[in-house]
Each structure stands twice: as C-alpha cells, then as structure tokens.
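Asks: Build the 3D model from these lines:
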Amino acid sequence: MAEQRDIDFTALARHIKRWAKELGFAAAGITDTGLSETEGRLQAWLDKGYHGDMAYMAKHGHKRTRPAELVPGTRRIISVRMDYLPEEPDPSRILDDPAAAFISRYALGRDYHKVMRSRLKKLAQRIESETGPFGYRAFVDSAPVMEKPLAAKAGLGWVGKHSNLLARGAGSWFFLGELYTDLPLPTDAPVSDHCGDCRACIDICPTRAIVTPYQVDARRCISYLTIELHGPIPVELRPLMGNRIYGCDDCQQCCPWNRFAQATREADFAPRHGLDRATLSELFSWSEDEFLRRTEGSPIRRIGHERWQRNIAVALGNSGDPGCIPLLEKQWTGASKMLREHIEWALRTIGQRDGNKRRQT
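Replies: Got it, this is the predicted structure:
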C-alpha cells in the first residue's frame, strides 16, 4: 500500500471521480465494506428459494457480503456506472410485433464486461500513477459482489422496487462495476429512496416476478428464464413471455425515472448484427456456427445455441403464426431432447391458436 502520509486522500477521491468520467463512466462513488443489512436480506431471499438454479448466489459463504473476505485488505470500494441505452430506447414496436425478436437493450451491443473491465483497469492505473502501487481488484458482474447495494452505499442511486439501481438524473439504463481497493478514501453518502407510492414496475411485470416491492422471485423472471435457466422453461410461464427471447426490460421501460435516461455515447454498446430489428424466424434459422459467429463479443453467446433456440421456439409458439410450422419442424430434426420438447410445445400452441381462429371466423 502507498504511504498514507504522502497522499491527500480527499483530493484523490475528487480526482478519481474526474478520471472516471474522462474514461467514459457516467459517475463514480466511494463506499466502505459494511453490508450487514444486505447480508440479512440476501439470506432471507435465498431461504425462500428465489434464486432458482443460480447456485452461485449461495456459494462462497459470506464473501459476497463481506468484501474484505473476497479480497483481503479491501477498505474501500470505488463503484462506477456506465450508460448503455441505445439511440432508439422504445421497444414497443418490437413487443407489439409477434414476428419480431425482443432482446434486452443491454445485450444488443458488445459484451459490457470487457468494455468496463478495461476502463476500470485504466482507472486503477491512473490512481497508481498518483499513489504508487496499491492493492486493488476490478469486478464487472464477474465474482460474488453485491454491486447494487455497494453502488447505493456509494451514492450512485437507490435500489428500486424492481431491484435495479435507480439514479434521479439517469434512470436505470446503466451497467455497474467496482474497484476493490486498500486505500483509505473518504466515502460518499447514500441517497434516499425516491420510488414513493409508484408500483408501475410491479404491475407491468408479465410473469408477476416482483412478488413484493424490492423483492424479485427470479424463478418467474423472464431474464432468468431466458438467460440463467439451463433446463426447460416452466410450461405455465411460456405464454407470458411473448416474443422476449433474451432478457426483459418491461420494469425499466415503464419506470418514470427513465424519462431522464440519456442515450449511450459508447459505440461498443450500439446494436450489432441487426439484433434490434431481427425476426424470430431469421434467428431461429441460425446454425450453431452462425450463432457463435454472430454473437462473438456479445453477452448473448454465454447461453449457447441450444438455449437460444429454446427461447425462440417459445416465442414462435406465442406468435401463433402457422407460417412458422415448417421451420419449427425442420429444426426439430437433430434437436436435443429439451429443445424438441419446446418445439413440440410451440407446434401445439400454434395449432390450437390457429384452430381457434378458424372456428371464430
């Protein structure tokens, strides 16, 4: 650690926030390692089984809520946020078109992990040029880190009823990252909760995953179902997913605070490969090689081709379009047992809807 007597840590904290903005972060804040209240809430959430198959949420003991156990020597956390909202933020045209494929806005561009981790390392290097060698470790959704509670303690916003971080002047369309450090920096004060009586996010959730304000049952969340869940999607939830094939932004899209959100200035977060205007049939036709090629450098790649097709099969079933039947039948051949089950569900669903439509006419 750098010699404390040689450093004005109050001035250094101001410099860090300025350097963070110069590196493309929208804001930075500093907090200590105390997360005792968060630890209790996390354990209660785990005890209810709301984490589903995300075993990693219960792994690592207390390292998630005790930063100094994850990185020994940690005294402060520098929390940063980076905006990612594309130029065309309103996805209603996609959600209203059953043939279109909806992909969460955060996943349309380059993998944010790589972008932010690189910037955090540059921030650490700038700090090191001022302090000399110091202990640090950068995180971007890549380890047992309670990023939202830490960001809230660092004054970057408050955790909203949908469990996302909200900032008064920026809404919630941003990524979070952290630098765990051994520097005794002055800390920032948290901001108060400004959700008030609003329950727009609770009411709009397609699967009613926000079971109470500030608590999400991940097992019902479309983001969990399409990204984290490895096995079959529960049959009763499939019709509620619509054409959402990777994530869901409904709770953010309806939030009044997001009227203050600004479009990102990061070219890496701009939509790639036409994913913001792709059709379900187009994406379902991708071979595994094409999927890997078109999702290179994208967070989408982590779910793999099988789950990608699983999600799209459900959306095709929800479209009710008989024109999709030949494509579904074609992809059934050679599909895994799990994927076949979803394709068969889609075929039955289309058949039932088509039959109902014919009877009504």
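Asks: Then Y180 would be within a strand, right?
Replies: Yes: judged by DSSP: H, G, I helix; E, B strand; the rest coil, Y180 forms part of a strand.
Asks: which residues does the spatially closest residue to F291 that is not a sequence neighbour contact?
Replies: Distances taken as Cβ to Cβ, 6 or more residues apart in numbering put H305 closest to F291, at 4.6 Å, once the chain neighbours are dropped. Placement of C-beta: from N, CA and C, glycine included. Contacts for H305 (Cβ atoms under 8 Å, 6 or more residues apart in numbering) come out as W286, E288, F291, L292.
Asks: And the buried ones among those residues, selectable in ChimeraX?
Replies: Buried residues among these (16 or more other Cβ atoms under 10 Å), as a ChimeraX selection:
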select :286,291
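Asks: Show me the contacts of H305 that map onto helices.
Replies: E288, F291, L292 (DSSP state H).
Asks: was I right about the second one contacting N311?
Replies: No: using Cβ atoms under 8 Å, F291 is not in contact with N311, being 12.0 Å away.
Asks: Among the contacts of H305, pick out the one closest to E128, please.
Replies: Within the contacts of H305, proximity to E128 (Cβ to Cβ) peaks at L292, which comes in at 37.1 Å.
Asks: is it true that the closest one touches R302?
Replies: No: the criterion here is Cβ under 8 Å, and L292 misses it with R302 at 11.5 Å.
Asks: if we can go back for a sec, for the residue nearest to F291, I want the exact helix or strand it lies within.
Replies: helix 304-319 (DSSP states H and E).
Asks: Now do that helix: distance to the chain's middle.
Replies: Averaging C-alpha positions (Cα atoms, centre = their mean, to the nearest Å) puts helix 304-319 19 Å from its chain's average.
Asks: So which bits of the helix or strand just after that helix are buried?
Replies: Scanning forward in sequence from helix 304-319 by DSSP H and E, the next helix or strand is helix 325-332. Residues L327, L328, Q331, W332 are the ones in helix 325-332 that count as buried (16+ other Cβ under 10 Å).
Asks: now these as CSV including pLDDT and distance to R81?
Replies: Below are the buried residues of helix 325-332 laid out as CSV (pLDDT from 0 to 100; distance: Cβ to Cβ, whole Å):
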residue, pLDDT, distance to R81
L327, 97, 41
L328, 98, 41
Q331, 96, 40
W332, 96, 44
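Asks: and which of those residues is nearest to L150?
Replies: Of the buried residues of helix 325-332, the one sitting nearest to L150 (Cβ to Cβ) turns out to be Q331, at 42.9 Å.
Asks: who touches that closest one in this structure?
Replies: Neighbours of Q331 in contact, by Cβ under 8 Å, 6+ apart: F284, Q309, A313, L339, I343.
Asks: Mind listing what's buried along the helix or strand containing Q43?
Replies: Using DSSP H and E, Q43 maps to helix 36-47. Neighbour-count burial for helix 36-47 flags T38, E39, R41, L42, W45 (criterion: 16+ other Cβ under 10 Å).
Asks: Strands of the stretch 1-150 of the chain, start to end?
Replies: 27-31, 76-83, 102-103, 136-139 (DSSP state E, counting those that start in this stretch).
Asks: Contacts for the first one, please.
Replies: Counting by Cβ under 8 Å, 6+ apart, the neighbours of strand 27-31 from elsewhere in the structure are 13, 16-17, 20-21, 76-81, 150-151, 153-156, 167, 170, 185-188.
Asks: I figured G231 hits S336, correct?
Replies: No: counting by Cβ under 8 Å, G231 stays clear of S336, with 11.2 Å between them.
Asks: pLDDT on stretch 168-187, on average?
Replies: Averaging pLDDT along stretch 168-187 yields 97.
Asks: how far is that stretch from where the chain is centred?
Replies: Relative to its chain's centre, stretch 168-187 lies at 16 Å (Cα atoms, centre = their mean).
Asks: and that stretch, C-alpha only, in PDB?
Replies: What follows is the C-alpha trace of stretch 168-187 in PDB, where atoms were taken according to Å, rounded to 0.1, in the frame of the first residue of the first chain:
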ATOM      1  CA  ARG A 168     -32.500  10.600 -10.300                       C
ATOM      2  CA  GLY A 169     -30.800  12.100 -13.300                       C
ATOM      3  CA  ALA A 170     -30.200   8.900 -15.200                       C
ATOM      4  CA  GLY A 171     -32.900   6.300 -14.500                       C
ATOM      5  CA  SER A 172     -31.600   2.700 -14.600                       C
ATOM      6  CA  TRP A 173     -30.200   2.100 -18.100                       C
ATOM      7  CA  PHE A 174     -26.600   1.600 -16.900                       C
ATOM      8  CA  PHE A 175     -24.000  -1.100 -16.000                       C
ATOM      9  CA  LEU A 176     -22.200  -1.200 -12.700                       C
ATOM     10  CA  GLY A 177     -18.600  -2.000 -12.000                       C
ATOM     11  CA  GLU A 178     -16.300  -1.900  -8.900                       C
ATOM     12  CA  LEU A 179     -12.700  -1.400  -7.900                       C
ATOM     13  CA  TYR A 180     -12.000  -3.000  -4.500                       C
ATOM     14  CA  THR A 181      -9.100  -1.100  -3.000                       C
ATOM     15  CA  ASP A 182      -7.000  -0.900   0.100                       C
ATOM     16  CA  LEU A 183      -6.900   2.900   0.000                       C
ATOM     17  CA  PRO A 184      -8.500   4.700   3.000                       C
ATOM     18  CA  LEU A 185     -10.500   7.100   0.800                       C
ATOM     19  CA  PRO A 186     -13.300   9.300   2.200                       C
ATOM     20  CA  THR A 187     -16.700   7.700   1.500                       C
END
